[in-house]
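Enquirer: fold the following for me, if possible:
(chains A and B)
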Number of protein chains: 2
Amino acid sequence: MQTLSTDSRVTRHFPPNARYLIGVSGGRDSVALLHWLISLGYGRLIVCHLNHRLRGRSGDADARFVSRLVERYNEQALRPPRTRTGKRSAYPTMAGGIEFESSSANIRALGKQKKMSIETAAREARYAFFAETARRRNCRTIFVGHHADDLVETFLINLFRGAGSAGLAAMQQISTRRVDGVDLTIVRPFLCVWRKEIDDYVSEHRLKFREDATNKNLTPLRNRIRHRIIPYLEKILGRNIRQNIWRTAMIAADEEKWIESELHDSTHADFSVVKLRALPIALQRRALLKWLRAQNVSDIGFAAIERVRSLADRDTRIAKVNLPENRHARRRAGKIFIE
Amino acid sequence: MQTLSTDSRVTRHFPPNARYLIGVSGGRDSVALLHWLISLGYGRLIVCHLNHRLRGRSGDADARFVSRLVERYNEQALRPPRTRTGKRSAYPTMAGGIEFESSSANIRALGKQKKMSIETAAREARYAFFAETARRRNCRTIFVGHHADDLVETFLINLFRGAGSAGLAAMQQISTRRVDGVDLTIVRPFLCVWRKEIDDYVSEHRLKFREDATNKNLTPLRNRIRHRIIPYLEKILGRNIRQNIWRTAMIAADEEKWIESELHDSTHADFSVVKLRALPIALQRRALLKWLRAQNVSDIGFAAIERVRSLADRDTRIAKVNLPENRHARRRAGKIFIE
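Expert: Take a look at the predicted model:
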């Protein structure tokens, strides 16, 4: 049987007998993740599917597909199928308690309303749905299907956008994210697994998946990085390039985790200029990013952070700088505020 | 006159009336840097040139070129030439005290002896020469000609080699480096300046330089990144790619500076397992890197650091791991040693 080179920390930290959410779009990666978890004995999963309503009937078909997949796992719980090689697989013998939660969101309208890209709006809507389900079902841990190639692509996207090291560490194997007051723990068991291995796993187990759902989040930039830039880098520089970028991304993620833990709470409505100045430049940027996010300033780029940071300059005469969505940061009486 | 978008911090922190070393290979970048500093009134520079003896007579010609350049600056100190546009340039009116220090090293032999690449051996020999000169002339600050394109290329080289974030922050505008017991301050005033701007500056001032010296350190990897990969990225993704990578590299450099300051002294001959375990993973890696360097373990890659780190695992039965050049790290009585 095709095995996957996942990190054993995941199964150790999140044992199979507990309840977990899992995000399933119906695409190859999440279908493989669901199958893999069930085959390891994760029998109390709550499958979460959000219909993005971006492609009309196709989105409905994705939702039906995932719903039927869950039904089939529950039906087949007592009769494990045979693999292509004829051997009995370590298939869903423990399943039977897989549940299905779904919702839909008008991503296009949300994107317009909040002035976000479709990709950002879709991600926000997904996490809002996950958080709502987590609260309602009292289950705060969610498995998602990101794999090693996703990590490398996301790393390059953030690099080419100039996101700084916080952006370079965008995906971690185990991370937490506060969404609408819910602390979600996000687990990515496949972050060490390459797309090729998932392909092999899917074909070995003859898993069906929705091709459209697989490419749903393929923005033009990700598309170019996946289909043109990474193959070109491999051609010019050799096969180990993806592996090396992956390693850098994983190290960046560990460092990010630690830096994040060094930052103090930033939920105050104002930020003291003296406190900001006392931090090293690297932490000034992180602290402001965290604080601006807590003030619900969205879409904060490097330039915006540097503008806010300039309010703390000793020599500055500037007392007000612009932020996205017609908001402003202002310095008054030794404090920085958002208006 | 062509002006350069340098960071004013450099001239503020390092005022023109003091003495400084400057590394001059004779290539375009260092020739431009020397001219730019002299035109700003830096009149007490000590020009340092190392003959790498890699290309026979050509290396001797580089050395003669730089020596004559220094002579000419001293001679011309009182008669500033005209620029192409006919205006009198802010040329070396304060010069006259430019000195010349040179030496030569057998880089090929050094590389073989220490099992280093030619590029690494050349860099080590250069910094050993800078440190020796710094000590002898009692002048610890050296200007070098690295520019924004160098930074972007070095960032990508380290990324593609999987160097981790410490490697991504390889170049800083102002940094210190301990070489043979001398604390050198390395200043890179052109780190915000693009090669194109230096080209314009060089042609505006009709500066002569040695083409060979410009490409002396162009390894095959750097060559491919400069001439194939960056142009390809710009073609596929647009012109702002270099700018964005540059920004990420500068942020990484600021963070590196801070993380470095958080690390404790690592000059002890042993490293306590308990202390190592107490650090976050990100700092474990940095602390081990710093410690291994202090133990003169050269050429330390990520894999070697992870092997040494595994000695501190609670569950490990391994008490000895291999390091480059037939050296070993061993755990005994709660401490890690190098043999």
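Enquirer: and A:A163, how far from B:E132?
Expert: 41 Å (Cβ to Cβ, to the nearest Å). The way it works is simple: take the backbone N, C-alpha and C, and place the C-beta from them, glycine included.
Enquirer: could you check which of these two is surrounded by more residues?
Expert: The residue with more neighbours, out of A:A163 and B:E132, is A:A163; 21 against 16, by other Cβ atoms under 10 Å in any protein chain shown.
Enquirer: and the nearest residue to A:T6 once chain neighbours are set aside, what helix or strand is that in?
Expert: Closest residue to A:T6 apart from its sequence neighbours, by Cβ to Cβ, 6 or more residues apart in numbering or on different chains: A:P189 at 5.1 Å. Using DSSP states H and E, no element contains A:P189; it sits outside every helix and strand.
Enquirer: quick one: contacts for A:P189?
Expert: Neighbouring residues of A:P189 by Cβ atoms under 8 Å, 6 or more residues apart in numbering or on different chains: A:6-7, A:10-11, A:33, A:36-37, A:143, A:173.
Enquirer: need the residues you listed in JSON lines (columns: secondary structure).
Expert: Shown next, in JSON lines, are the contacts of A:P189 (DSSP: H, G, I helix; E, B strand; the rest coil):
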{"residue": "A:T6", "secondary structure": "coil"}
{"residue": "A:D7", "secondary structure": "coil"}
{"residue": "A:V10", "secondary structure": "helix"}
{"residue": "A:T11", "secondary structure": "helix"}
{"residue": "A:L33", "secondary structure": "helix"}
{"residue": "A:W36", "secondary structure": "helix"}
{"residue": "A:L37", "secondary structure": "helix"}
{"residue": "A:F143", "secondary structure": "strand"}
{"residue": "A:Q173", "secondary structure": "coil"}
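Enquirer: now, among the residues you listed, which is nearest to chain B?
Expert: Relative to chain B, the closest of the contacts of A:P189 is A:Q173; by Cβ to the nearest Cβ it sits at 11.7 Å.
Enquirer: which SSE is the residue in the stretch 201-339 of chain A that chain B sits nearest to in?
Expert: Per Cβ to the nearest Cβ, A:N244 is where the stretch 201-339 of chain A lies closest to chain B, at 3.1 Å. If you go by DSSP H and E, A:N244 is part of helix A:241-262.
Enquirer: contact partners of the helix or strand just after that helix?
Expert: Using DSSP H and E, the next helix or strand after helix A:241-262 towards the C-terminus is strand A:270-272. Contacts with strand A:270-272, where a contact means Cβ under 8 Å, 6+ apart, come from A:287-288, A:291, A:334-337.
Enquirer: could you rerun that using 10 Å?
Expert: Contact with strand A:270-272 is made by A:278, A:287-288, A:291-292, A:295, A:308, A:311-312, A:329-338, as judged by Cβ atoms under 10 Å, 6 or more residues apart in numbering or on different chains.
Enquirer: need the three-state assignment for the closest residue in space to A:K208 that isn't next to it in sequence.
Expert: With sequence-adjacent residues excluded and distances taken as Cβ to Cβ, 6+ apart, A:K208 is closest to A:V31, at 7.4 Å. The local conformation at A:V31, judged by three-state DSSP, is helix.
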